[in-house]
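**Student:** Structural data only, the sequence is not supplied:
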């Protein structure tokens with residue numbers, strides 16, 4: 001099962017990278033076309049918006065599931081000395097709850113957009129596509145993050161006991 005989740009994480013990372021690369025090429029071609037040939041690429045801003053949703057939400061899903069996000073350790077050493085288990089689990093559970101709430105709100109927005117039937121101004125895409133893509137990637141991210149938390153539960157507890165006892169590696 002862990003192999004499947006790692007494969008999904010890899011797909012999300014590659015998808016975010018490809019979307020970022022396409023955004024870069026599209027922006028380059030649009031700028032060269034606009035200033036060099038006085039011809040802009042039609043609908044660039046809406047295509048960039050969709051690609052940005054893919055980059056951000058596929059990237060967040062990958063980064064969160066693999067626990068590779070930026071961490072600011074202002075109080076971490078102090079809290080870790082007092083209660084290492086509490087700190088790790090509180091951070092993971094808090095992050096999961098916030099991520100799930102964000103996904104829920106995105107879902108409400110996507111549903112409202114779907115029911116409104118509105119379309120984008122330039123390319124005439126249904127407006128629910130952007131929040132719908134965000135919900136899709138966020139749902140994947142929440143499931144992957146929850147699975148990662150459950151998969152590392154035993155490892156973290158084992159490491160916590162060895163760190164407290166002084167007979168093993170500290171994190």
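**Tutor:** Yep, it's here. All values derive from a computational prediction rather than experimental measurement. Residues are numbered from 1 along each chain as shown.

**Student:** what about residue 74, is that helix, strand or coil?
**Tutor:** Secondary structure for residue 74, judged by DSSP: H, G, I helix; E, B strand; the rest coil, is coil.

**Student:** And it, how close does it get to residue 33?
**Tutor:** Applying Cβ to Cβ, to the nearest Å, the value for residue 74 to residue 33 is 47 Å. The way it works is simple: take the backbone N, C-alpha and C, and place the C-beta from them, glycine included.

**Student:** Which of those two has more residues huddled nearby?
**Tutor:** Using other Cβ atoms under 10 Å as the criterion, residue 74 and residue 33 rank with residue 33 on top: 14 against 7.

**Student:** tell me which element the more buried one falls in.
**Tutor:** Counting by DSSP states H and E, the element that carries residue 33 is helix 2-36.

**Student:** could you point out which element follows that helix?
**Tutor:** Next along the chain after helix 2-36, taking DSSP H and E as the criterion, comes helix 44-65.

**Student:** Next, the angle from that next one to helix 2-36.
**Tutor:** Put simply, helix 44-65 runs at 150 degrees to helix 2-36, going by axes from the mean of the first three to the mean of the last three Cα atoms, to 10 degrees.

**Student:** ok, and for helix 44-65, which residues are buried?
**Tutor:** Within helix 44-65, the residues scored as buried using 16 or more other Cβ atoms under 10 Å are 44, 46-51, 53-65.

**Student:** same for it, what does it pack against?
**Tutor:** Using 3 or more Cβ pairs under 8 Å, 6 or more residues apart in numbering; DSSP states H and E as the contact definition, the elements that helix 44-65 packs against are helix 2-36, helix 129-165.

**Student:** Need the winner for burial among those.
**Tutor:** Per residue and on average, the most neighbours among these fall to helix 129-165, with a mean of 17 (mean count of other Cβ atoms under 10 Å).
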